[in-house]
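**Q** Curious how this folds, go ahead:
(chains A and B)
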Amino acid sequence: MDVLEKLTILTDAAKYDAACTSSGGTRTAKKGYLGNTSTSTAGCCHTFSADGRCVTLLKVLLTNRCVYDCKYCVNRRSNETKRAAFTPEELADLTIQFYRRNYIEGLFLSSGVFRSPDYTTELMIRALSLLRERYRFNGYIHAKAIPGTSPELVERLGFLADRLSVNIELPSEAGLNSLAPDKTKRAILAPMRQIQTRNRQSREELVKYRHAPRFAPAGQSTQLIVGATRDTDFHILRLTQGLYDRYSLKRVFYSAYVPVVEHALLPAKDVKPPLLREHRLYQADWLLRFYGFRAEELLDENNQDFDTRVDPKCSWALAHLDFFPVEVNTAAYETLLRIPGVGVTSARRILSARRVGPLHIDNLKKLGVVMKRAQYFLTASGKMAEGLRFTPDSLLRGLIAAERPLLPQQEAVQLSLFDQTESA
Amino acid sequence: MKRLLAMEIFYYYDGSFDGFLSCVFDSYAHKEIPAGFFSGEDGICTLFDSRTVSTDPDHAVRVLRKVAALSPEAAVLLRRGFLTCLPEKELYLFRLTAKLLREGPGFLHNRSDETLFPVIRAVQHLNGEVHLLKGFVRFSDLGGVLGGEIEPKNRVLPVLGGHFAARFHNERFFLYDRTHKEALFHVPGRSVIRPLADFRMAPPDEVEARYRLLWKRFYDTIAIKERENPRLRMNNMPKRYWGTMTEFQGEDWFKPRSSPGAASIPGAPDGRSAPGTLPPPGPSAPGSGP
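**A** Residues are numbered from 1 along each chain as shown, chains lettered A, B, ... in the order given. As a prediction, the model looks like this:
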């Protein structure tokens, strides 16, 4: 089988992994080595695929052969699909040649479980060592730690990669038991804990010795599949919060389940992937990481799923109207962040600008505040936007209309239905 | 300042950053406020008073030093602002400088300030374009030398050059800017930007065509059909960038040239050095200094 065919099979098998970021790398250009990692905090997208997702890394599987039989997965043992495997040389050559042409920021290597987790990880280590040592590759590498791999091998993998990830995939143990019988919660969490501990130790060592080797300097991430099981948004968000709090994850990715197989335990094959739900989870994820929100503020036992009509921050604001309006000239940073339409950047700009003089409503747009949403929730020098009149009903409609152009097309149709019921 | 506000005076200069700074110097020396700036072949207008400012590196350094002493951020804004495609950028930058000298750096904290905002927005546009191009630039391996083309709105090369020079410091490469007709040349340890009137990429050899095809295949395969969203893709990656990206090229781009060695390495138009070797010393492109 030639490399073009292998690439096709092993890319197709890897595409459902949502993680494709290159942020957090610390590699600077080194003499005699090729490449560095992106210096900006945002990472670097090299292209966007037809589904609009960022492509930054060469995202492939080492092999799609797999001894596991997870029901939701295209690569499961029982699926009749063409199997292939890269040799370490082929993979290293592709990475280097793509990197030189600036197609990619680095490599994202994942794999099916070939023979055993240990055997597979050893193959991955061989490929990555070749890339780092013989080809002197100094770009970004994201490697998957396979649940059940022995700690010694995870350790070696961590010194070759910038970021490691262990995919949880199914957000509850019940889901795991029914859909991924070969995986256990313990086997998934063990390497996550190990990566967290080693990463912290390595950073402590770096303070003492400048040339101490770095263990997964860009931290670790994971992925949760949304919509394959019946888990609620509240459950997923609390799990996410726990992962950020207790495992110091850099990112949790959500992947709307795309039905790839007919199975009694899974959504039918004609069910559309729940893109809007995935979108809402990402919005809430940002609120947890950058806006000081807690999962329990956004959802609770009585409201277990996100409002599809407005984003989670607007939803929170609508439920806490007594908190508003906020006066932008005096409010604390944390309070500014609670205003829909004010983000981390615009909140900082407000802090900086109000040191020079009092702010007025017409200044805010230039500071990056999205007034379509924010106007209902703030005052500047005691005044709201001129001519603004609204009731709770028209407020909700205004917020829905403000977000609509930004949502995926297919969902917009669904939203207009809500609109009619709303105005009726 | 003397009362010259009622009279329109226009400045002619050579279009370089140093030239612009010399204009700022002269406006203070002559106590006048320029109403517009012209450079190069911009039509000469005799209706109004004008002054031709000759570039004086010494004057330029003095102005920039003064600005940097008041605010290092303002000096960066001037440098970057000068690379933007903001119409009448010199006028906006002049006003910013004048306000800085008059009032001190306090207003720079307020992004919504009417003098600062147009400049900062233009610079953000430039920075945004640089950020996107860090990802969207595509190189081809032309017999060991990497070559690429871009078509940006702003003059991104002086900023973008640093990124690629660090990343590919061992490589020899060039990057041609179609819009501003200049190219960045890099050999290990050294980069320069030189004007280059025309450039045409030669067809690929077997190996290059092969990697182009591999990349195209990867690109087409990585998308999830059920999630197709052309509008999202276009928001993230505006179409104006597609013209120079491998994955959006027609069939010919992936066909190797028939007889190997028939075409010469591109980027070496008549009388110019081949890419990868530094061109002979000559006038550097405006603003391409360190």
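**Q** so how far does stretch A:95-110 reach from one end to the other?
**A** One end of stretch A:95-110 sits 14 Å from the other (C-alpha to C-alpha, to the nearest Å).
**Q** now it, how far from the chain's geometric center?
**A** Here stretch A:95-110 is found 20 Å from its chain centre; the criterion is C-alpha atoms, centre = their mean, to the nearest Å.
**Q** Pick out the residue of chain A closest to chain B.
**A** A:Gly52 (2.8 Å; C-beta to the nearest C-beta). No exception for glycine: its C-beta is placed from N, CA and C like everyone else's.
**Q** ok, now which ones touch that residue?
**A** Residues near A:Gly52 by C-beta atoms under 8 Å, 6 or more residues apart in numbering or on different chains: B:227, B:229-233, B:235-236.
**Q** redo that, cut-off 6 Å
**A** Contacts here follow C-beta atoms under 6 Å, 6 or more residues apart in numbering or on different chains; on that basis A:Gly52 touches B:229, B:232-233.
**Q** Over to B:Leu213?
**A** With contacts defined as C-beta under 6 Å, 6+ apart, the neighbours of B:Leu213 are B:Phe254.
**Q** switch to 7 Å and redo it
**A** Contacts were defined as C-beta atoms under 7 Å, 6 or more residues apart in numbering or on different chains; by that measure B:Leu213 touches A:4, B:254.
**Q** What parts of the stretch 301-424 of chain A come near chain B?
**A** Counting by C-beta under 7 Å from any C-beta of the partner chain, the stretch 301-424 of chain A comes close to chain B at A:349, A:352-353, A:355-356, A:363, A:366-367, A:408-409.
**Q** Just send those residues back as a markdown table, with pLDDT too.
**A** Supplementary listing: those in a markdown table, determined by pLDDT from 0 to 100:
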| residue | pLDDT |
| --- | --- |
| A:Arg349 | 97 |
| A:Ser352 | 96 |
| A:Ala353 | 96 |
| A:Arg355 | 94 |
| A:Val356 | 92 |
| A:Asn363 | 95 |
| A:Lys366 | 96 |
| A:Leu367 | 96 |
| A:Pro408 | 66 |
| A:Gln409 | 53 |
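**Q** Tell me the buried residues within those residues.
**A** Restricting those to buried positions leaves A:349, A:353, A:363, A:366-367, A:408, with burial counted as 16 or more other C-beta atoms under 10 Å in any protein chain shown.
**Q** State the distance from the closest residue to B:Lys89 other than its chain neighbours to B:Gly15.
**A** On the basis of C-beta to C-beta, 6 or more residues apart in numbering or on different chains, the spatially nearest residue to B:Lys89 that is not a chain neighbour turns out to be B:Gly81, at 6.1 Å. Taking C-beta to C-beta, to the nearest Å as the criterion, B:Gly81 is separated from B:Gly15 by 15 Å.
**Q** ok, these two, which is more surrounded?
**A** Using other C-beta atoms under 10 Å in any protein chain shown as the criterion, B:Gly81 and B:Gly15 rank with B:Gly81 on top: 23 against 19.
**Q** A helix includes that one, no?
**A** Yes - under DSSP: H, G, I helix; E, B strand; the rest coil, B:Gly81 sits within a helix.
**Q** The residues of the stretch 301-424 of chain A next to chain B in helices, which ones?
**A** The helices, defined by DSSP state H, take in A:349, A:352-353, A:363, A:366, A:409 from those.
**Q** Now render these as a markdown table, adding distance to A:Leu288.
**A** Compiled in a markdown table, these are given as follows (distance: C-beta to C-beta, whole Å):
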| residue | distance to A:Leu288 |
| --- | --- |
| A:Arg349 | 23 |
| A:Ser352 | 25 |
| A:Ala353 | 27 |
| A:Asn363 | 30 |
| A:Lys366 | 29 |
| A:Gln409 | 28 |
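**Q** Which of those residues sits closest to A:Arg83?
**A** Nearest to A:Arg83 among these, counting by C-beta to C-beta, is A:Gln409 at 35.8 Å.
**Q** near chain A, which of the contacts of A:Gly52 show up?
**A** Here is what survives when the contacts of A:Gly52 are matched to chain A using C-beta under 7 Å from any C-beta: B:229, B:232-233.
**Q** Helices - which of the residues you listed land there?
**A** With helices identified by DSSP H, the entries of these that belong to them are B:232-233.
**Q** A:Ala92 is in contact with A:Arg132, isn't it?
**A** No - applying C-beta atoms under 7 Å, one finds A:Ala92 not in contact with A:Arg132, separated by 9.3 Å.
**Q** between these two, who's got more neighbours?
**A** When A:Ala92 and A:Arg132 are compared on other C-beta under 10 Å, the one with more neighbours turns out to be A:Ala92, at 21 against 18.
**Q** before we move on, what SS does that one have?
**A** Recorded secondary structure, A:Ala92: helix (three-state DSSP).
**Q** For it, give me the pLDDT.
**A** According to the per-residue confidence, A:Ala92 scores 96 in pLDDT.
**Q** which residues does the nearest residue to A:Arg132 once chain neighbours are set aside contact?
**A** In space, A:Arg132 comes closest to A:Leu160 once its chain neighbours are excluded; the distance is 5.6 Å by C-beta to C-beta, 6+ apart. Taking C-beta under 7 Å, 6+ apart, we find A:Leu160 in contact with A:125, A:128-129, A:132, A:141.
**Q** let's go with 8 Å and repeat that
**A** Residues in contact with A:Leu160 (C-beta under 8 Å, 6+ apart) are A:125, A:128-129, A:132, A:141, A:143.
**Q** Scan those and report the most crowded one.
**A** Counting neighbours by other C-beta under 10 Å, A:Ile141 comes out on top of the contacts of A:Leu160 with 28 neighbours.
**Q** Which of the helices or strands spans that one?
**A** Counting by DSSP states H and E, the element that carries A:Ile141 is strand A:140-144.
**Q** on contacts alone, who are the packing partners of that strand?
**A** Packed against strand A:140-144 by the contact rule (3 or more C-beta pairs under 8 Å, 6 or more residues apart in numbering or on different chains; DSSP states H and E) you find strand A:106-110, helix A:117-129, helix A:151-160, strand A:163-165.
**Q** Tabulate those (JSON lines), appending mean pLDDT.
**A** Conversion of the helices and strands packed on strand A:140-144 to JSON lines gives the following (pLDDT from 0 to 100):
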{"stretch": "strand A:106-110", "mean pLDDT": "96"}
{"stretch": "helix A:117-129", "mean pLDDT": "96"}
{"stretch": "helix A:151-160", "mean pLDDT": "96"}
{"stretch": "strand A:163-165", "mean pLDDT": "94"}
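**Q** count of neighbours near the residue of the stretch 151-290 of chain B found nearest chain A?
**A** Of all residues in the stretch 151-290 of chain B, the one sitting closest to chain A is B:Leu232 (2.8 Å; C-beta to the nearest C-beta). The burial count assigned to B:Leu232 is 18, neighbours taken as other C-beta under 10 Å.
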